[in-house]
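Enquirer: I'd like to go over a predicted model; first the sequence, then the structure.
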Amino acid sequence: MKSREGKYPPPDDLARLIRHWMTIWPNAQITSERMKQLYPYILRKWREGWTLAQIAQTACSCNDGQNIAPSPAALKVVPTRRLSLSPTGAVPGQTFGSDEIRDAGSVSRLKLQAEIAELKAKSIGTEIEILYRRMRGATESVRAKLEEQRQRLVSQLDQQKKQAEAATARLAELESTGRLSAVGRKPKAKKESVQKAEPATPKPARQKRPAKAANPAPAAAPSPPPAASMNAVEDTIAKLYEDD
């Protein structure tokens with residue numbers, strides 16, 4: 001494949017191929033030295049256009065010299081989900097073995113869950129053994145109290161064993177199918193919906209006071225009656241003396 005000439009497959013894809021072979025042949029020694037021997041074949045097929053997943057499944061066997069049969073690696077589908085990571089700082093073209101690849105987050109979390117549950121179960125088992133020894137020489141009343149403690153511890157021990165078994169089963173499911181079912185998964189806590197406070201009743205708008213009327217202009221003084229003409233006044237006075 002011309003577009004891949006001179007190039008090398010991504011290290012994480014090589015880690016996926018190694019994990020696939022580890023799953024099929026858990027006792028196989030897929031060391032770094034062994035991978036150096038296999039890498040030229042892997043690189044050639046990849047540059048021809050094959051994916052690392054396809055290369056991981058092409059192993060066939062012909063043990064009797066007559067019958068060719070696909071190997072278990074060819075029959076098992078390579079999970080699409082990434083379960084392994086290459087060594088920190090690995091670069092394309094670098095080879096590494098199964099003891100150098102790292103677990104992806106989903107795998108490491110399930111392994112950690114199983115390990116923690118097993119350690120807790122072991123610790124609880126030690127506490128139960130201590131109680132048994134204390135009960136040997138205890139009085140009846142003390143023995144009754146110790147028995148209550150023992151029963152609580154037995155219940156806790158059973159719970160931790162179940163958690164370890166569940167994590168181990170989910171890890172096997174992930175390794176086999178590349179998927180995780182919802183069974184055994186802790187339900188997510190639902191967020192309580194915060195009830196929105198009802199909006200406060202709006203206060204009635206304050207009514208504006210009517211604007212004060214401007215000071216009324218003082219009423220105009222009544223205009224005096226029109227002054228009588230001088231002639232009219234004289235005529236009036238003259239009439240007053242006509243009878244004299």
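Expert: Perfect, thanks for sending it. Keep in mind that what you see is a predicted model, and the values were worked out from it rather than measured.

Enquirer: what helices and strands are in contact with the helix or strand where residue 175 lies?
Expert: Take DSSP states H and E as the rule and residue 175 turns out to sit in helix 140-177. In this structure, helix 140-177 makes packing contacts with helix 105-136, judged by 3 or more CB pairs under 8 Å, 6 or more residues apart in numbering; DSSP states H and E. All C-beta atoms are positioned from the backbone trio N, CA, C, and that covers glycine.

Enquirer: so which bits of stretch 154-161 are buried?
Expert: Buried residues in stretch 154-161, counted by 16 or more other CB atoms under 10 Å: 156-157, 160-161.

Enquirer: can you tell me what sits against that stretch?
Expert: Residues lying outside stretch 154-161 but in contact with it, judged by CB atoms under 8 Å, 6 or more residues apart in numbering, are 117-118, 120-121, 124-125, 128.

Enquirer: make it 6 Å
Expert: Applying CB atoms under 6 Å, 6 or more residues apart in numbering, the contact partners of stretch 154-161 are 117, 120-121, 124.

Enquirer: do the same with stretch 134-144
Expert: So stretch 134-144 is contacted by residue 146 (CB under 6 Å, 6+ apart).

Enquirer: repeat that for 8 Å
Expert: Outside stretch 134-144, the residues touching it (CB under 8 Å, 6+ apart) are 146-147, 150.

Enquirer: likewise for stretch 35-48?
Expert: Contacts with stretch 35-48, where a contact means CB under 8 Å, 6+ apart, come from 1, 4-5, 7-9, 14, 17-18, 52, 54-55, 58, 95-97.

Enquirer: show me the chain divided up by domain.
Expert: When the chain is parsed into structural domains using automatic domain parsing, the resulting residue ranges are 2-103, 105-177.

Enquirer: need those in JSON lines (columns: mean pLDDT).
Expert: Putting those into JSON lines (pLDDT from 0 to 100) gives the following:
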{"stretch": "domain 2-103", "mean pLDDT": "84"}
{"stretch": "domain 105-177", "mean pLDDT": "92"}
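
Enquirer: circling back: which ones among the contacts of stretch 35-48 lie within helices?
Expert: Judged by DSSP state H, these include 14, 17-18, 52, 54-55 as members of helices.

Enquirer: now the helix holding residue 175: buried residues?
Expert: For helix 140-177, burial by neighbour count (16+ other CB under 10 Å) applies to 146, 150, 153, 156-157, 160-161, 163-164, 166-168, 170-171, 173-175.

Enquirer: equivalent analysis for stretch 7-19, please.
Expert: Within stretch 7-19, the residues that qualify as buried are 8-9, 11-19, counting by 16+ other CB under 10 Å.

Enquirer: re the thing from before, would you turn the ones in helices among the contacts of stretch 35-48 into TSV with distance to residue 134?
Expert: Formatted as TSV, these follow (distance: CB to CB, whole Å):
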residue	distance to residue 134
14	56
17	55
18	51
52	59
54	63
55	61
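
Enquirer: hmm, which two among those residues are most spread apart?
Expert: 18 and 54 (15.0 Å; CB to CB).

Enquirer: put the alpha carbons of stretch 108-120 into CSV.
Expert: C-alpha atoms of stretch 108-120 as CSV (Å, rounded to 0.1, in the frame of the first residue of the first chain):
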residue,chain,number,x,y,z
SER,A,108,-7.4,-1.5,35.1
ARG,A,109,-10.5,-0.2,36.9
LEU,A,110,-12.1,-3.7,37.0
LYS,A,111,-8.9,-5.3,38.1
LEU,A,112,-8.5,-2.7,40.9
GLN,A,113,-12.1,-3.3,42.0
ALA,A,114,-11.5,-7.1,42.3
GLU,A,115,-8.2,-6.6,44.1
ILE,A,116,-9.6,-4.2,46.7
ALA,A,117,-12.6,-6.5,47.4
GLU,A,118,-10.3,-9.5,47.8
LEU,A,119,-8.1,-7.5,50.2
LYS,A,120,-11.1,-6.4,52.3
